[in-house]
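Q: Sequence and predicted model, in that order:
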Amino acid sequence: GMFFISAYRFKLAEAPGWVIGATMAAWALIYSIVTLGLSKCLTARNAPVILNIGCAILVASSVGFLVFDGLYTQFVWILTSGFANACYCAPFQVLMKSVEPDQASAGSARAAGLYTFAWSTGIATGPLLFGVFETAAVYKINILISSLLWIGAILLCRAVRKRGAVSQTAAAEPEKRPDAEPVQSLAHLGWILAGVGVFTVCII
């Protein structure tokens, strides 16, 4: 919804095409950079803190879009949202490893599939549904969704803490399995394709 509304507002203002394309590109760039940075310092111990920080900033960015709604001010909140999403998504996946019981076998593939399904569904339905509402209504909905997301994150952190699963060892590298190398190759391929996607959006 955020991507659709911000790009659409620039279109109505007859902004250059590259500015319209930059709405998603700016978000993707900051998201990629922050996620890569988190990969160097993220552990199961600090994941709950980073997760809650991400959720708080996500709520704040939704409020920012609504209150400080200048045309080009949108880029401030787009970048803030990208930062917040990175601070949410990476720790979320680390914590889910603690509560998913079968990560050593097919569990990781199932978790990745569910995560991708949720993400893709949001990207697909957001612009479609939010095209019906006024801009102010969209960001009120985003504030509500972000707040519910934060509540869910708090409940997840409590569930992990109850299981006693939050420890440095939970974030340790899994034992090398026969399928480890193909999985790593796919991860590298994913980064390459994601990078190509970002630059393609910039060019478009």
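A: Noted; the coordinates are in hand.
Q: Who are the packing partners of the helix or strand Ile20 falls within?
A: According to DSSP states H and E, Ile20 maps onto helix 17-41. Where contact means 3 or more CB pairs under 8 Å, 6 or more residues apart in numbering; DSSP states H and E, helix 17-41 is packed against helix 2-12, helix 74-99, helix 180-203. C-beta here means a position set from N, CA and C on the backbone, and glycine is covered the same way.
Q: and those, which one's lowest on average pLDDT?
A: Mean pLDDT across the helices and strands packed on helix 17-41 is lowest at helix 180-203; the value there is a mean of 79.
Q: Can you tell me what sits against that helix?
A: Helix 180-203 is contacted from outside by 18, 21-22, 24-25, 28-29, 32, 174, using CB atoms under 8 Å, 6 or more residues apart in numbering.
Q: And the residues you listed, which of them are buried?
A: Buried subset of the contacts of helix 180-203 (neighbour count, 16 or more other CB atoms under 10 Å): 21-22, 24-25, 28-29, 32.
Q: between those residues, which is nearest Thr121?
A: Met24 (17.5 Å; CB to CB).
Q: ok, back up a step: for the contacts of helix 180-203, point out the one with the lowest pLDDT.
A: Confidence-wise, Pro174 trails the rest of the contacts of helix 180-203, at 52.
Q: The helix ranked longest in the chain to helix 74-99, inter-axis angle?
A: Longest helix in the chain by number of residues (criterion: DSSP state H): helix 135-163. Following axes from the mean of the first three to the mean of the last three CA atoms, to 10 degrees, one obtains 30 degrees for the angle between helix 135-163 and helix 74-99.
Q: now for the chain, which residue lies nearest the mean position of the chain?
A: Computing the C-alpha centroid of the chain and ranking residues by CA atoms, centre = their mean puts Asn85 first, at 3.5 Å.
Q: what sits against it?
A: 27, 31, 54, 58.
Q: Make JSON lines from the residues you listed and add neighbour count to it.
A: Below are these laid out as JSON lines (neighbours: other CB atoms under 10 Å):
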{"residue": "Trp27", "neighbour count": "25"}
{"residue": "Tyr31", "neighbour count": "22"}
{"residue": "Gly54", "neighbour count": "25"}
{"residue": "Leu58", "neighbour count": "25"}
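Q: Next, give me the two most distant ones among the residues you listed.
A: Top of the distance list for these (CB to CB): Trp27 and Gly54, 14.1 Å.
Q: How far off centre is the longest helix of the chain?
A: Chain-centre distance of helix 135-163: 13 Å, with CA atoms, centre = their mean, to the nearest Å.
Q: Tell me which residues of it come out buried.
A: Buried, per 16+ other CB under 10 Å, within helix 135-163: 135, 138-143, 145-146, 149-150, 153, 156-157, 160.
Q: quick one: that helix to helix 2-12, angle?
A: With the same axes, to 10 degrees defining the directions, helix 135-163 sits at 160 degrees from helix 2-12.
Q: Give me the packing partners of helix 135-163, helices and strands only.
A: Applying 3+ CB pairs under 8 Å, 6+ apart, one finds that helix 135-163 contacts helix 2-12, helix 47-67, helix 74-99.
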